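> Need a 3D model of the sequence below.
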Amino acid sequence: MNTAMTDSQYGVELTPAAAAQFAETFTRLTEHIGEAVLGTEHAVRLTLTAFLAEGHMLLEGAPGTGKTSLARSLAASVSGSHQRIQFTPDLLPSDVTGVTIFNQQDSEFVFHRGPVFASIVLADEINRASPKTQSALLEVMEESRVTVDGETHSVGKPFFVIATQNPIEQAGTYRLPEAQLDRFIMKTSLGYPDHHHAVQILAGSAHRDRAGKVQPIITTDDANALAAQAAQAHVADPVLDYGARLIAATRTDNHTTLGVSVRGGLALMRCAKVWAMSNGRNFVLPDDLKILAEPVLAHRIMLDPDAEFSGVTPAQVIGRILAEVAPPVTRD
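From the prediction side, this is the model:
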């Protein structure tokens with residue numbers, strides 16, 4: 001059932017001027033990061049959206065497409081701490097979270113923080129580590145804290161994990177469990193650049209490390225303020241209804257055995273608010289949900305084995321749902 005709406009239904013306390021300022025900062029960040037990773041503007045916008053929605057990002061793509069450079073560029077754009085963890089089969093959970101060591105001089109146990117204690121953490125090739133090590137990230141990704149030997153340690157705020165994985169090489173890798181995939185607010189793929197950007201990249205071949213030259217343009221306090229501001233964006237009841245119908249459709253689709261969770265629905269709304277603000281609006285439109293549906297929802301779907309064998313992909317399921325579920329009607 002279509003629901004008619006007027007622009008006045010979107011009115012909120014967050015002023016249009018504040019939304020315009022947010023959009024300006026967001027665009028400046030996008031362009032700044034894009035100077036280091038050419039031809040990835042949409043992926044950069046999605047990654048920034050995940051960051052300001054206070055979630056985590058999973059970047060997928062073939063080797064050499066710029067996954068690590070994008071993550072490093074974002075980390076360098078924020079003047080906070082950032083760490084890189086190279087995931088390997090012999091990596092232990094304590095190598096990620098930290099370990100308690102007995103200090104003989106003081107006769108007490110001291111917690112030595114792991115690399116996960118940073119504002120932005122790059123988990124490079126996350127699917128190369130064992131499931132036990134991958135699971136060490138679950139608590140910290142969900143609750144921004146680590147529990148070691150019964151003691152809880154906060155990692156602070158903001159806290160953003162950018163994980164990368166190579167979907168082509170499967171030898172020596174461990175598929176991420178569904179429970180951990182659900183912790184990533186978004187998943188997107190980096191393809192190859194178009195001809196125009198490929199020429200620019202080749203022309204700049206003398207610059208081997210573009211990401212290393214990126215300078216910070218916002219602080220962690222700025223990032224926290226932007227995230228809090230985006231959370232105030234308004235979502236009208238008809239848009240909430242549309243989002244709920246999209247989520248429900250993933251659970252009843254003939255090709256799925258598991259649809260999107262409640263966490264997935266909340267993630268879609270959080271990202272939609274940031275996306276709306278990045279476009280200078282203090283309210284969410286149905287089109288925001290459409291644009292974000294695939295990167296936010298597709299990786300949360302489990303396909304029926306027969307459908308998967310037939311070549312059906314989660315992205316195709318989301319595309320069909322978007323075509324079948326009618327959005328609310330807007331009018332001036």
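> all strands for the stretch 201-332 of the chain, in order.
Per DSSP state E, counting those that start in this stretch, the stretch 201-332 of the chain carries strands over the ranges 256-258, 302-303, 329-330.
> wait, what's in contact with residue 43?
59, 70, 188, 190 (Cβ atoms under 8 Å, 6 or more residues apart in numbering). Where you see a C-beta, it was placed from the backbone N, CA and C, and this is true even at glycine.
> May I see the buried residues of stretch 294-309?
Across stretch 294-309, burial judged by 16 or more other Cβ atoms under 10 Å covers 294, 295, 296, 297, 298, 299, 300, 301, 303, 307.
> Per-residue pLDDT of the third one, please?
Confidence at residue 296, expressed as pLDDT, is 97.
> what's it in contact with, if anything?
By Cβ under 8 Å, 6+ apart, residue 296 lies in contact with 185, 186, 264, 267, 268, 271.
> ok, 6 Å please
By Cβ atoms under 6 Å, 6 or more residues apart in numbering, the residues touching residue 296 are 186, 267, 268, 271.
> Residue 329: which of those is nearest?
Closest approach to residue 329 among those (Cβ to Cβ): residue 268, at 20.3 Å.
> so where is the stretch 201-332 of the chain shaky, pLDDT-wise?
201-212, 330-332 (pLDDT under 70).
> for it, what spans make up the helices?
Ranges of helices within the stretch 201-332 of the chain are 220-230, 237-252, 262-278, 286-297, 305-309, 314-324, based on DSSP state H, counting those that start in this stretch.
> Buried residues of the third one, list them for me.
Buried residues in helix 262-278, defined by neighbour count with 16+ other Cβ under 10 Å: 264-265, 267-278.
> Alpha carbons only: can I get it in CSV?
What follows is helix 262-278, C-alpha atoms only, in CSV (Å, rounded to 0.1, in the frame of the first residue of the first chain):
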residue,chain,number,x,y,z
VAL,A,262,16.9,-6.8,13.5
ARG,A,263,20.5,-5.6,13.7
GLY,A,264,20.5,-5.4,10.0
GLY,A,265,17.4,-3.3,9.9
LEU,A,266,18.8,-0.9,12.5
ALA,A,267,22.0,-0.7,10.5
LEU,A,268,20.1,0.3,7.4
MET,A,269,18.4,3.2,9.2
ARG,A,270,21.7,4.4,10.8
CYS,A,271,23.4,4.4,7.4
ALA,A,272,20.5,6.1,5.7
LYS,A,273,20.6,9.0,8.2
VAL,A,274,24.3,9.6,7.4
TRP,A,275,23.7,9.2,3.7
ALA,A,276,20.9,11.8,3.8
MET,A,277,23.0,14.2,5.7
SER,A,278,25.9,13.7,3.3
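> just checking, what packs against it?
Where contact means 3 or more Cβ pairs under 6 Å, 6 or more residues apart in numbering; DSSP states H and E, helix 262-278 is packed against helix 16-34, helix 41-52, helix 220-230, helix 286-297.
> same thing but at 8 Å, please
helix 16-34, helix 41-52, helix 220-230, helix 237-252, helix 286-297 (3 or more Cβ pairs under 8 Å, 6 or more residues apart in numbering; DSSP states H and E).
> which parts of the shortest one are buried?
Buried positions in helix 220-230, judged by neighbour count with 16+ other Cβ under 10 Å: 220, 222, 223, 226, 227, 229, 230.
> So for residue 24, which of the strands of the stretch 201-332 of the chain sits nearest?
strand 329-330 (25.1 Å).
> for residue 60, phi and psi?
Main-chain dihedrals, residue 60, degrees, to the nearest 10: phi -120, psi 140.
> Likewise for residue 148?
The phi/psi pair for residue 148 (degrees, to the nearest 10) is phi -130, psi 130.
> any idea how far it is from residue 110?
Computed as Cβ to Cβ, to the nearest Å, the residue 148 to residue 110 distance reads 11 Å.
> quick one on the thing from earlier: would you tell me which of the helices of the stretch 201-332 of the chain gets closest to residue 41?
Comparing the helices of the stretch 201-332 of the chain by Cβ to Cβ, helix 262-278 comes nearest, at 12.1 Å.
> hmm, who's touching that closest one?
19, 22-23, 26-27, 45, 48-50, 52-55, 182, 185-186, 227, 229-233, 235, 240, 243-244, 246-247, 282-285, 288-289, 291-293, 296-297, 300.
> repeat that for 7 Å
Helix 262-278 has contacts (Cβ atoms under 7 Å, 6 or more residues apart in numbering) with 19, 22-23, 26, 45, 49-50, 52-53, 55, 182, 185-186, 230-231, 233, 235, 243-244, 247, 283-285, 288-289, 291-292, 296-297, 300.
> Kindly report the same for stretch 73-80.
29, 32-33, 36-37, 47, 51, 82, 119-120, 122, 162, 211, 214-220, 223.
> returning to what we had before: which among the helices of the stretch 201-332 of the chain is found nearest to residue 115?
helix 220-230 (17.0 Å).
> Contacts only, for the nearest residue to residue 299 once chain neighbours are set aside.
Of all residues not flanking residue 299 in the chain, residue 187 sits nearest, at 4.0 Å (Cβ to Cβ, 6 or more residues apart in numbering). Shown in contact with residue 187 (Cβ under 7 Å, 6+ apart): 58, 60, 295, 298, 299.
> what about the nearest residue to residue 25 once chain neighbours are set aside, distance to residue 18?
In this structure, residue 25 finds its nearest non-sequential neighbour in residue 226, 6.7 Å apart by Cβ to Cβ, 6+ apart. Distance, residue 226 to residue 18, using Cβ to Cβ: 11 Å.
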